[in-house]
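> After the sequence you'll find the predicted model.
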Amino acid sequence: MLTDYHNHLERGTLSLDYLTQFTNAAVERGINHFGISEHAYHFYQTKSILSNPWIEERRIYDMKDYVNLFYDAWNQNIDVKMSIEMDYTTGKHEEMNEFIKSYEFDYCIGSIHWIDDFGIDLAEFKTEWERRDLYTIYRRYYDQVESLAQSNLFDIVGHLDLVKIFNYVPKDEEFLLEQYDRATTALANSKTCVEISTAGLRKQTKSLYPDRKLLEMCYTKGVPIVFSSDAHVPEHVGADYDQAIKLARQVGYTTIMTFSKGERKEIRF
């Protein structure tokens with residue numbers, strides 16, 4: 001039994017034809033629990049939560065069309081979970097909660113892509129890594145991971161150590177482990193699962209999210225996992241799952257969490 005809960009339609013259309021390219025790929029690759037989790041910033045309904053010039057250029061969808069797409073799929077007996085990936089935004093807990101509660105999501109993913117006006121994983125902002133203090137970036141990133149977990153708004157935290165995407169990593173291992181420790185402690189005290197994401201293998205980091213030591217801390221503290229590919233095209237659904245499964249088993253995991261209409265169930269993989 002496998003999950004792929006983190007996938008996006010944004011490079012195509014919010015259409016049943018495009019959606020079924022993803023669901024067909026999931027079936028072909030033996031993924032039993034598949035979901036679409038479009039970026040929340042694309043939707044007009046999230047303007048009060050996060051707004052900056054980069055995002056406003058990409059705010060193009062209405063949630064009504066998104067929800068209707070899933071109902072069209074379900075009416076045709078297409079097995080797909082409805083989700084959202086939301087940028088965790090400090091100081092916007094009430095607004096995020098109101099948005100999440102407004103829709104019957106099967107689960108919700110919370111992720112961190114921004115430190116103030118700095119899009120940490122965006123090519124357009126890559127030069128900022130040379131201008132800013134690396135240790136401050138990491139500290140502030142994991143500040144947000146900790147707060148995300150403590151908010152208990154999300155079922156899954158996306159790509160837990162996304163901050164390593166361009167291979168800017170502190171050399172001070174003690175500092176790094178301190179960030180991991182506080183993040184995983186907060187996660188362990190929340191309902192939030194961690195995804196083992198293969199997306200990093202397709203990025204400059206060329207590694208899974210999360211790092212093995214970070215995942216080991218998650219396991220030790222009892223944080224549940226899911227598998228995700230973060231596919232933005234159908235070809236990437238379930239990509240490199242052999243590596244994700246191998247890492248999970250090496251660390252000690254034997255089960256993953258599944259979601260349906262907000263209900264969770266732990267199953268063996």
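Ah, there it is. Computed from a prediction, not measured in an experiment: that's the story for all the values here.

> Mind jotting down where the helices sit in the stretch 51-200 of the chain?
The residue ranges that make up the helices of the stretch 51-200 of the chain, judged by DSSP state H, counting those that start in this stretch, are 53-56, 63-75, 93-101, 128-131, 134-151, 173-188.

> Pull the contacting residues for the residue positioned nearest the centre of the chain.
In the chain, the centroid-proximal residue (CA atoms, centre = their mean) is residue 158; its distance is 2.3 Å. Going by CB atoms under 8 Å, 6 or more residues apart in numbering, residue 158 touches 6, 85, 109, 110, 111, 195, 197, 228, 230. Any C-beta I mention is one placed from the backbone N, CA and C, and that applies to glycine too.

> Same question for residue 261.
Contacts for residue 261 were tallied using CB under 8 Å, 6+ apart; they are 104, 106.

> hmm, try it at 10 Å
Residues in contact with residue 261, defined by CB atoms under 10 Å, 6 or more residues apart in numbering, are 81, 82, 104, 105, 106, 107.

> ok, now residue 219?
With contact set as CB under 10 Å, 6+ apart, residue 219 has these partners: 184, 194, 225, 248, 251, 252, 253.

> hmm, back to that, which one of the contacts of residue 158 is nearest residue 218?
Residue 218 has its nearest neighbour among those in residue 195, at 10.6 Å by CB to CB.

> wait, doesn't residue 79 sit right on residue 23?
Yes: applying CB atoms under 10 Å as the test, residue 79 and residue 23 come out as touching, 7.1 Å apart.

> Looking at those two, which is more packed in?
A side-by-side neighbour count of residue 79 and residue 23, using other CB atoms under 10 Å, places residue 23 first with 21 against 13.

> The more buried one contacts residue 70, doesn't it?
No: at 11.2 Å, residue 23 and residue 70 do not qualify as touching, with contact defined as CB under 10 Å.

> Look up the residues that both of those two are in contact with.
Common neighbours of residue 23 and residue 70 (criterion: CB under 10 Å, 6+ apart): 16, 35, 36, 78, 80.

> where along the stretch 101-250 of the chain do the strands fall?
Listed in chain order, the strands found in the stretch 101-250 of the chain under DSSP state E, counting those that start in this stretch are 109-111, 114-115, 118-119, 156-157, 193-197, 225-228.

> which stretches of the stretch 51-200 of the chain have low pLDDT?
In the predicted model, the stretch 51-200 of the chain carries no residue with pLDDT under 70.

> and the gap between residue 139 and residue 24?
Residue 139 sits at a distance of 43 Å from residue 24 (criterion: CB to CB, to the nearest Å).

> Which one of those two is surrounded by more residues?
Between residue 139 and residue 24, counted using other CB under 10 Å, residue 139 has the larger neighbour count: 16 against 13.

> Apart from its neighbours in sequence, what residue is nearest the more buried one?
If the residues on either side of it in the chain are set aside, residue 139 comes closest to residue 179, at 6.9 Å by CB to CB, 6 or more residues apart in numbering.

> hang on, isn't the one you found packed against residue 145?
Yes: the pair residue 179 and residue 145 passes the contact test of CB under 10 Å, sitting 8.2 Å apart.

> Now for those two: what residues contact both?
Taking CB under 10 Å, 6+ apart as the contact rule, residue 179 and residue 145 both touch 161, 163.

> For the two, indicate the residue with more neighbours.
The residue with more neighbours, out of residue 179 and residue 145 and counting by other CB under 10 Å, is residue 145; that gives 26 against 21.
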